[in-house]
Structure formats: structure tokens, C-alpha cells
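A.B. asks: For reference, the sequence and a predicted model appear below.
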Amino acid sequence: MSGSTAGTLAQALAARLCRGDVVVHDHYLDVSATRALATCAERRFERGEFRAARIGPQGGAQLRADLRGDATCWLTAPLEAPERDILARFEELRCACNAEALLGVFDVELHYARYAPGARYDRHVDQPAGSGARRISLVLYLNARWSAADGGELRCFDAAGDHRDVLPLGGRLVSFLSAGREHAVLPAQRTRLSLSGWLRTRS
């Protein structure tokens, strides 16, 4: 994707995000780029860089596999080329969000999330209590040949309590304003992989 095309896409996504939409963008990454990023994640998994995810406030987080069953790996150096590329893409989105609505997001924070078959993440919000630093949530799916029978949907709730289910199709990006947006991950029939994170303020 050329720089001008990527910049235009970032502007369009930012405009929808700032309206409060749950934005689902298919083919954000093409098949080749999605496969390359998934390979980076699997190499990190094989090197033992993933850890069981915890819930609760920093300093008091607990392992609760009945509520959250994924393993995560923060995107830290050294980075492979596909990881540097996706960081650059999200950096363009960060700049576009600031230009569109002066959101004041200064950092991109990302981690891989790997759900074994049957694992789930109960209904939650992404902003920890007492912190508003996470402004925009991002989930980029890295699953090849995913079908409805595989499950693993992202369930997004609205203010009225209604929900929308989104399949974790490879290359699909889901994004939304983090504040107050309740969501959950439903169990899948096979391993489910994503790159997830936030555009953050410095507060």
C-alpha cells in the first residue's frame, strides 16, 4: 500500500472512530502481510515470550482463566520487519485521529493475544479503573481461513445492552473508542490469534 493510500485510509478510519462507531475494516492487511505477522507471533510463542493474561489493577492483577483465558506477548524490541510495518501503519492512524478530533493520543501500545481452543474473555472495558490513558482500542486478526463454525467472535455491546458479533477474520481490523465500550471474546474451536492494543494519551 502506498503512503498516500495508507494516509487516506487512516483519515477515513479516524473520522468513523471519532463518531463513536465500532469500525470493522476488512483487508486492512492483505493475506501475505497477515501471514507474515502471524509467523512473527508464532516465533515469539515458540521462544516462550507469551504469558497467561491477568485481570485487575496493576500491582494486584490475578490469573482468572475462568474469566480471561488468553496468553499475551507485548510487542517489544527486537522487532521483525512485519512488526515494524504494522507499527508504522498504526502510527499513521494515531496522527490522523489527532488531526481529526484532537484526541491527544501520543503512544501506540500493542500485544499479541493467543486464545487456545475453548478460551474466552468475559465482558469488560479496556480502560482500567482510575485511568483514561487508553483512548482507542485496536484489534487486528491474524487467523487464516477462519469460518463462522470456528467461533471466537468479538462481541461488542452498545449503551442499550444490545450487541454485535464480529468474526476474527485474518486481516480484519476492529477499532473503537475505549471509554465505556464493553466487549467480550467468545470461545473458539481452534487457536485464535490477534494483535491488539491501544492508542494512548500520556496521562
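C.D. replies: That came through, no problem. Residues are numbered from 1 along each chain as shown.

A.B. asks: Beyond the helix or strand encompassing Arg94, next helix or strand please.
C.D. replies: Assigned by DSSP states H and E, Arg94 falls within helix 81-101. Once the chain leaves helix 81-101, the next helix or strand it forms, by DSSP H and E, is strand 107-115.

A.B. asks: for that next one, packing partners?
C.D. replies: On a contact count with 3 or more Cβ pairs under 8 Å, 6 or more residues apart in numbering; DSSP states H and E, strand 107-115 meets helix 31-46, strand 71-74, helix 81-101, strand 192-200. C-beta coordinates here come from the backbone N, C-alpha and C atoms, glycine included.

A.B. asks: again, only using 6 Å
C.D. replies: Judged by 3 or more Cβ pairs under 6 Å, 6 or more residues apart in numbering; DSSP states H and E, strand 107-115 is in contact with strand 71-74, strand 192-200.

A.B. asks: tell me what the longest one is packed against?
C.D. replies: Under the contact criterion of 3+ Cβ pairs under 6 Å, 6+ apart, strand 192-200 touches strand 107-115, strand 134-141.

A.B. asks: from these, which stretch is densest packed?
C.D. replies: Mean neighbour count (mean count of other Cβ atoms under 10 Å) peaks for strand 134-141 among the helices and strands packed on strand 192-200, with a mean of 24.

A.B. asks: hmm, who's touching it?
C.D. replies: Contacts to strand 134-141, defined as Cβ atoms under 6 Å, 6 or more residues apart in numbering, come from residues 103, 105, 126-127, 168-170, 172-176, 178, 194-201.

A.B. asks: Can I get the helices and strands packed on strand 192-200 in TSV including mean pLDDT?
C.D. replies: Output for the helices and strands packed on strand 192-200, formatted as TSV (pLDDT from 0 to 100):
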stretch	mean pLDDT
strand 107-115	97
strand 134-141	95
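
A.B. asks: Which among those is found nearest to Tyr28?
C.D. replies: Set against Tyr28 and scored by Cβ to Cβ, the helices and strands packed on strand 192-200 come closest in strand 134-141, at 6.5 Å.

A.B. asks: Give the pairing partners of that closest one; include direction for each.
C.D. replies: strand 173-177 (antiparallel), strand 192-200 (antiparallel) (DSSP bridges).
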